[in-house]
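1. Structure here, sequence nowhere to be found:
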């Protein structure tokens with residue numbers, strides 16, 4: 001499994017975090033030239049921050065801030081919304097079709113079910129592994145089930161049973177149904193990505 005780039009330290013200097021392994025989950029336009037981004041960092045969990053000037057044509061942040069690509073991010077601030085200071089991309093993972101929808105599905109779950117700034121390194125590694133398999137075009141069902149299993153467990157709503165063999169196709173349908181049922185218990189409204197995927201399957 002490859003994760004966000006290694007070799008740098010994830011350190012704190014006062015209210016500043018440097019070189020944190022992370023992924024971009026969502027971005028929203030803010031004012032004329034900036035973005036509000038939601039990121040998932042291995043040692044910091046979900047963090048909201050403003051990327052100032054990221055919408056400008058020649059911004060160094062603009063080509064880097066892409067979903068599903070391993071990032072190294074530095075930010076500062078003590079408030080609920082931090083300020084992005086630096087961003088570096090650790091590679092390119094092309095995704096398309098159903099793989100892309102599966103990746104957005106994982107992002108939506110992370111945004112909906114995890115509290116802000118609550119670290120989950122094991123879940124981060126499961127997310128990273130699932131993205132790697134999706135990008136490789138290989139069978140990703142096992143990685144997705146592992147991600148869902150760990151997400152529920154880390155959120156305190158895991159299934160009360162022994163961890164299964166996620167790579168066993170024989171148990172996958174029943175496991176998928178059990179995990180989705182538990183996720184549906186926690187979600188107050190249907191996932192947008194699930195609605196889109198169901199709509200696409202009708203064509």
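-> Okay, I see it. Quantities reported herein were computed from a predicted structural model and do not represent experimental measurements. Residues are numbered from 1 along each chain as shown.
2. For this protein, which residue occupies the most central location?
-> For the chain, the residue nearest the mean C-alpha position is residue 107 (4.5 Å; C-alpha atoms, centre = their mean).
3. ok, that residue to residue 130 distance?
-> Per C-beta to C-beta, to the nearest Å, residue 107 is found 11 Å from residue 130. In short, each C-beta sits where N, CA and C put it, glycine included.
4. Against residue 26, how distant is residue 112?
-> Residue 112 is 11 Å from residue 26, by C-beta to C-beta.
5. typed the wrong thing, it's residue 32
-> Per C-beta to C-beta, residue 32 is found 20 Å from residue 26.
6. of the two, who's got more company?
-> residue 26 (18 against 8; other C-beta atoms under 10 Å).
7. Quick one: end-to-end length of stretch 30-43, please.
-> Using C-alpha to C-alpha, to the nearest Å, the end-to-end distance of stretch 30-43 comes out at 26 Å.
8. What are the buried residues along it?
-> Using 16 or more other C-beta atoms under 10 Å as the test for burial, stretch 30-43 gives 30, 34-42.
9. Next, give phi and psi for residue 49.
-> phi -160, psi 160 (degrees, to the nearest 10).
10. follow-up on the earlier one: just checking, the residue nearest to the centre of the chain is part of a helix?
-> Yes. Counting by DSSP: H, G, I helix; E, B strand; the rest coil, residue 107 is part of a helix.
11. Number of residues surrounding residue 101?
-> Neighbour count of residue 101, defined by other C-beta under 10 Å: 16.
12. got the contact list for residue 163?
-> residue 149 (C-beta atoms under 8 Å, 6 or more residues apart in numbering).
13. Distance of it relative to residue 34?
-> Residue 163 is 43 Å from residue 34, where distance means C-beta to C-beta.
14. Then residue 139?
-> Using C-beta to C-beta, one gets 40 Å for the distance from residue 139 to residue 34.
15. And residue 43, by the same measure?
-> Relative to residue 34, residue 43 is positioned 25 Å away (C-beta to C-beta).
16. Mean confidence (pLDDT) on the longest strand seen in the chain, please.
-> Determined from DSSP state E, the single longest strand within the chain is strand 16-30. Regarding strand 16-30, the rounded mean pLDDT is 95.
17. what comes up buried for it?
-> Those would be 17-27, 30, for strand 16-30 by 16+ other C-beta under 10 Å.
18. Thanks a lot, catch you later.
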